[in-house]
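1. Just to be clear, the model below is a prediction. Sequence and coordinates:
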Amino acid sequence: MTVLGDIEDVVNDGNIRLPKPTSANGVSVAVVKSRSAKWKTEGSSEKFEGDSFVPGTRSIYVRTWGCAHNNSDSEYMTGLLAAAGYTITEDKNAADLWVLNSCTVKTPAETHLQNIVETANNQAKPVVVAGCVSQAAPNTPFLKGTSILGVQQIDRIVEVVEETLKGNSVRLLASKRNGTRRLGGAALNLPKIRNNPLIEILAVNTGCLNNCTYCKTKQARGDLASYPIEELVARAIEAFEEGVKEIWLTSEDLGAWGRDMDQVLPDLLQELVKVIPEGCMMRLGMTNPPYILDYLEDIAEILNHPRVYSFLHVPVQAGNDAVLSDMRREYTNADFCRVVDFMRSHVPSISIATDMICAFPTETAEDFEDSMNLVRKYRFPSLFINQFYPRPGTPAARMKRIDTVEAKRRTKAMSELFRSYLPYGDDRIGQMYDVLIAERASDGNHLVGHNKAYEQILIPDEPGLMGSMVKVRIVSTSKFSMKAEVIRSTTPVVHFVKLSGVSTVVGCLCLATLLLSVVWQLISQRVAR
């Protein structure tokens, strides 16, 4: 086996004719690709032009841990592999190679990764480990001899897979740079297979400006590096043209976007809202308090836009200033409260989610009670509770840990507090909302939609609703969602089949059918009266 520190670009970037990718169940999937790319029909045995390696018969299993940013990276890697002729499969035992996109936030996720890598080694299964573990800890023992791909090198996944299948071990960890400036990552116009064809996860920057004592992600994603506005807007436009209904802005800290380029988040958001079509929505990702305090009015204005969800994820992590200082969070409890209070007073029905770390090493019982009181005060509808885990190489890992029994007690106490209140009361029953339906519920019987406040609403699964904006009436509530009945569709979905000139005829027929249906409903209502 040869260990390669870097390899030259071996994939022809010209007008290659590639097979149409399929999902694991064999159906065609939506792929975002560069506009100059040419595709051959599914099942064709045509080979690459200018490339001696033909991977058409090889299958790849892709597994992802962690955040939305990681999921976006996996969608790009899957798209690139499918575009290169590989079959993407959910059957890991039948796959010729595993791509494991890792997360370094918590110890259990890394332990799970290690177990899977060891299983692959025992089965002599080729593996490529991507993501934050490979970037932050490339020399960890269980990765010895394994191909690894850094977080800014995902555009080279095809090369790494090809070399790994040949028996080589490849390690690519360098940052993308334009001269001296670090870039946000790989190009945004790469092929992409979305897990959900209606949702585009758009990573607007990588890294952050903080140095939190407990965080290992910083060692993987590094300092802040933002994508330019024009590239992000172009990507959003292309995604909507591909049929996307929701765009999720994601990063390690959305609020810090642009500060490496002398810009600020409102600059980006004001341009993005201009290109959101009717019937589509945008969701803002996680933002830390320090980077929106100076722009609360601007952010509130964006959240009040009719095509932006009135939702904000602002992680507080602790309700005590001393603990926040030990975490190096660079804000106070009062700063966080100012953000929440301002948004709740200026954005009607806003949903604010937050995170809490229980049993940070310097947290006393009184400090923990401050965190509990913060939850009692705001009764967050979404609360992500994490028990502290020491991550190797972080300052917090060198601190004396709180007793495990006490740590579990605190975590359980906060979890019970969160479960004790209902964000959706009986007063919601009968209320009506406009809801965008873009997901399916795990029970197989419902579709998942969200109202303007990004509250989860379950609707009975009926044909023709997916991807549409509908008016619903709430019929029941629970801790995490509401159930509703559909009153009417407010933005019917008309699918135009792209068959050269035939698309116009099909579109007109669909529109005529829709208009006749509306007229018939109006006549029926008059007769009923």
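-> Perfect, I can see it now.

2. per-residue pLDDT, the closest residue to E252 other than its chain neighbours?
-> Nearest residue to E252, sequence neighbours excluded (C-beta to C-beta, 6 or more residues apart in numbering): C208, at 4.6 Å. For the C-beta atoms, the positions are set from N, CA and C on the backbone; glycine is no exception. Each residue has a pLDDT score; the one for C208 is 93.

3. any idea how far G184 is from the spatially most central residue of the chain?
-> Residue closest to the mean C-alpha point of the chain, counted by C-alpha atoms, centre = their mean, is A68 at 2.3 Å. In this view, A68 and G184 are 15 Å apart by C-beta to C-beta, to the nearest Å.

4. Angles on the backbone of the residue nearest to E252, please.
-> phi -150, psi -180 (degrees, to the nearest 10).

5. Same question for L232.
-> Dihedral angles for L232 - degrees, to the nearest 10 - are phi -70, psi -40.

6. Run through the residues that contact the residue lying closest to it once chain neighbours are set aside.
-> Nearest residue to L232, sequence neighbours excluded (C-beta to C-beta, 6+ apart): V204, at 5.7 Å. Counting by C-beta atoms under 8 Å, 6 or more residues apart in numbering, V204 makes contact with 184, 226-227, 232, 249-251, 254, 257, 268.

7. any idea how this protein splits into domains?
-> For the chain, automatic domain parsing gives the domain ranges 3-178, 198-419, 426-528.

8. Those: which one's closest to L190?
-> Nearest to L190, of all the domains of the chain, is domain 3-178, at 5.0 Å by C-beta to C-beta.

9. Let me see the contact set for Q263.
-> 226, 229, 257.

10. Return the closest of the contacts of V204 with respect to I88.
-> T250 (22.0 Å).

11. returning to what we had before: which phi and psi values does the residue nearest to the centre of the chain adopt?
-> phi -60, psi -30.

12. And the spatially closest residue to it that is not a sequence neighbour, its phi and psi?
-> Spatial nearest neighbour of A68, excluding adjacent residues (C-beta to C-beta, 6+ apart): T250 at 4.1 Å. Backbone torsions for T250, taken as degrees, to the nearest 10, come to phi -140, psi 160.

13. quick one: T250 from D73, how far?
-> 10 Å.

14. Now do the shared contacts for those two.
-> A203.

15. Between these two, point out the one with more neighbours.
-> Neighbours were counted for T250 and for D73 using other C-beta atoms under 10 Å; D73 has more, 27 against 21.

16. The more buried one: what's it in contact with?
-> Residues near D73 by C-beta under 8 Å, 6+ apart: 101, 130-131, 151, 154, 203.

17. Tell me where this structure is predicted with low confidence.
-> Low-confidence regions of the chain, defined by pLDDT under 70, span residues 1-57, 489-529.

18. on that earlier part again, I'd like the contacts of D73 as a markdown table, with secondary structure appended.
-> Rendered in a markdown table, the data for the contacts of D73 read as follows (DSSP: H, G, I helix; E, B strand; the rest coil):
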| residue | secondary structure |
| --- | --- |
| N101 | strand |
| A130 | strand |
| G131 | strand |
| V151 | coil |
| I154 | helix |
| A203 | strand |
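
19. which one of these is nearest D443?
-> Closest to D443, out of all of these and judged by C-beta to C-beta, is N101, at 27.3 Å.
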